[in-house]
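> just coords:
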Ligand SMILES: NC(=O)C1=CN([C@@H]2O[C@H](COP(=O)(O)OP(=O)(O)OC[C@H]3O[C@@H](n4cnc5c(N)ncnc54)[C@H](OP(=O)(O)O)[C@@H]3O)[C@@H](O)[C@H]2O)C=CC1
Ligand SMILES: CCCCCC(=O)O
């Protein structure tokens, strides 16, 4: 029987292991979840479910430091950033506790056929497949709206964050959710596929790579199950000639180095107007290369390790290939010496369209920098991507920023701010960044039966 190991990427220490779930455990979990769906818990009054979310938010707040430490030790996120992630998780739980009943009110549709309205009902058991980079936030984005709506969830978390997966499930139960509302399963990709194929499973939400998204969506499609995909991104950070350069540099560094660059909406392609490019690159490079690499639990550390040795090795190979194909290394470009999965903050310029790096996402502290002559060139470059997740535009002229934001082909654009997320705002992308939206009123309806009722008149 395989096990799920919690390994600290800052020192490669094996901290704890969990056994995988066998077929009988998975079958039992599905039976319990499906029975819960057919019970008054899922189909009855919403308030008992919202009370659980309120209690969950309070529990998370009361145990914030413990939860943040678990995450930082297990996947390498700076402790301050893990605290931030824990905080937004309680915000999401509280948001749906306070707003789900209003959002799910029947919506009237004036019609010549008579009195018509749309009701919102749960559809059944869902599977959630989630990644390690925000080990609680990714789970909460699925749990909160679906617990409010009444869909039970079977969760398959990334195999390198079993402690986060386990403690999240325990928190949900401690908050008063019945068995089956949220079940963490340490299972294989094949077992996920079998769950998706089961008639009692009605949908699947995945956050992760294109590879995983494609495999899971193919299986969902084969069995006609609804899916949502939050995949990779190659988001632009467009700095125009009238931008507040100091603020753009400050936030550009944060947007590239936060979570060691392992954020799908991280700034990855820096598109600079030629008039400010040299100044930006000089300040940006100085700031990046002054990062303090170290233990994520040390408050002085400003750049932690990558999430695993595999992630580090993939990035080493990717940067070497970019340079071998003509990219210029402005700073960094190597794994850091010593134990742990550390990588130097890196800037690459001179990436031409025939360099494989041009269309690649660098899931680490590696910035691609491009220089353009005008706004049209910035938009053309931004849109020359297989991805379409997020992006940001920096300019003192808001009308100019709005114009670029509307022209950039992504699901989200921030003007004069790095990309961010909040419970009341939809999150998601287009093209190979996936489909569907999480959070906000859009997220809670993704797995709802939006049922039309008409009283003929
Ligand atoms: N949109 C987003 O927010 C995120 C996107 N990503 C993208 O993922 C890339 C790398 O992250 P990585 O960890 O490799 O992401 P993966 O896609 O490998 O993992 C994401 C989740 O999918 C699972 N998974 C992978 N393949 C399958 C499959 N065939 N069937 C069922 N489940 C599967 C993984 O399980 P297991 O861990 O056991 O392999 C994990 O739980 C990044 O480059 C980034 O582009 C990553 C994080 C967040
Ligand atoms: C706080 C930003 C969350 C980004 C979601 C992701 O990268 O998975």
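Structure's in. What do you need? Every value quoted in this text rests on a predicted model; they were computed, and no experiment measured them. Ligands and ions are numbered 1, 2, ... in the order given.
> C-alpha only now, for contacts and for neighbours.
Will do.
> Output the contacting helices and strands for the strand or helix carrying residue 57.
Element membership for residue 57, per DSSP states H and E: helix 47-62. Judged by 3 or more Cα pairs under 8 Å, 6 or more residues apart in numbering; DSSP states H and E, the packing partners of helix 47-62 are helix 79-103, helix 137-149, helix 162-174.
> Can you say which of these is nearest to ligand 1?
helix 137-149 (7.5 Å; Cα to the nearest ligand atom).
> how far off helix 47-62 does that closest one point, in degrees?
Per axes from the mean of the first three to the mean of the last three Cα atoms, to 10 degrees, the angle that helix 137-149 makes with helix 47-62 is 150 degrees.
> by how many degrees do helix 137-149 and helix 79-103 diverge?
20 degrees.
> what's the average pLDDT for helix 137-149?
What helix 137-149 shows for mean pLDDT is 98.
> And the next helix or strand past it?
strand 153-156.
> Report the mean confidence score over that next one.
Averaged across strand 153-156, the pLDDT comes to 98.
> Name every strand pairing with that strand and say which way it goes.
strand 125-129 (parallel), strand 182-184 (parallel) (DSSP bridges).
> To residue 228, which of those lies closest?
Closest approach to residue 228 among the strands paired with strand 153-156 (Cα to Cα): strand 125-129, 9.7 Å.
> Whether that closest one contacts ligand 1 - can you check?
Yes - judged by Cα under 6 Å from any ligand atom, strand 125-129 and ligand 1 are in contact via residue 129.
> Kindly report the same for stretch 300-308.
No - judged by Cα under 6 Å from any ligand atom, stretch 300-308 makes no contact with ligand 1; its nearest approach is 8.6 Å.
> what's in contact with that stretch?
9-10, 75-78, 132-133, 257-260, 262, 291-296, 312, 340-343, 364 (Cα atoms under 8 Å, 6 or more residues apart in numbering).
> now stretch 166-175
Residues contacting stretch 166-175 (Cα under 8 Å, 6+ apart): 52-53, 55-56, 59-60, 136, 179, 182-184.
> Next, see if it gets close to ligand 1.
No - using Cα under 6 Å from any ligand atom, stretch 166-175 stays clear of ligand 1, coming no nearer than 13.8 Å.
> quick one: low-confidence parts of the stretch 301-450 of the chain?
By pLDDT under 70, the stretch 301-450 of the chain has no low-scoring segment.
> all strands in it, in order from the N-terminus.
Along the stretch 301-450 of the chain, the segments classed as strands by DSSP state E, counting those that start in this stretch run 328-331, 346-349, 366-372, 387-388, 391-394, 414-415, 430-431, 434-435, 448-456.
> Next, format these as CSV and append distance to ligand 2 and mean neighbour count.
CSV is the format used below for these (distance: least, Cα to the nearest ligand atom, whole Å; neighbours: other Cα atoms under 10 Å):
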stretch, distance to ligand 2, mean neighbour count
strand 328-331, 24, 16
strand 346-349, 19, 22
strand 366-372, 15, 24
strand 387-388, 13, 27
strand 391-394, 12, 28
strand 414-415, 13, 19
strand 430-431, 15, 18
strand 434-435, 12, 22
strand 448-456, 23, 14
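> Ok, which of those comes nearest ligand 1?
Closest among the strands of the stretch 301-450 of the chain, using Cα to the nearest ligand atom: strand 434-435, at 8.2 Å.
> So what's the gap between the closest one and the chain middle?
With Cα atoms, centre = their mean, to the nearest Å as the basis, strand 434-435 stands 12 Å off its chain's centre.
> That'll do, ta.
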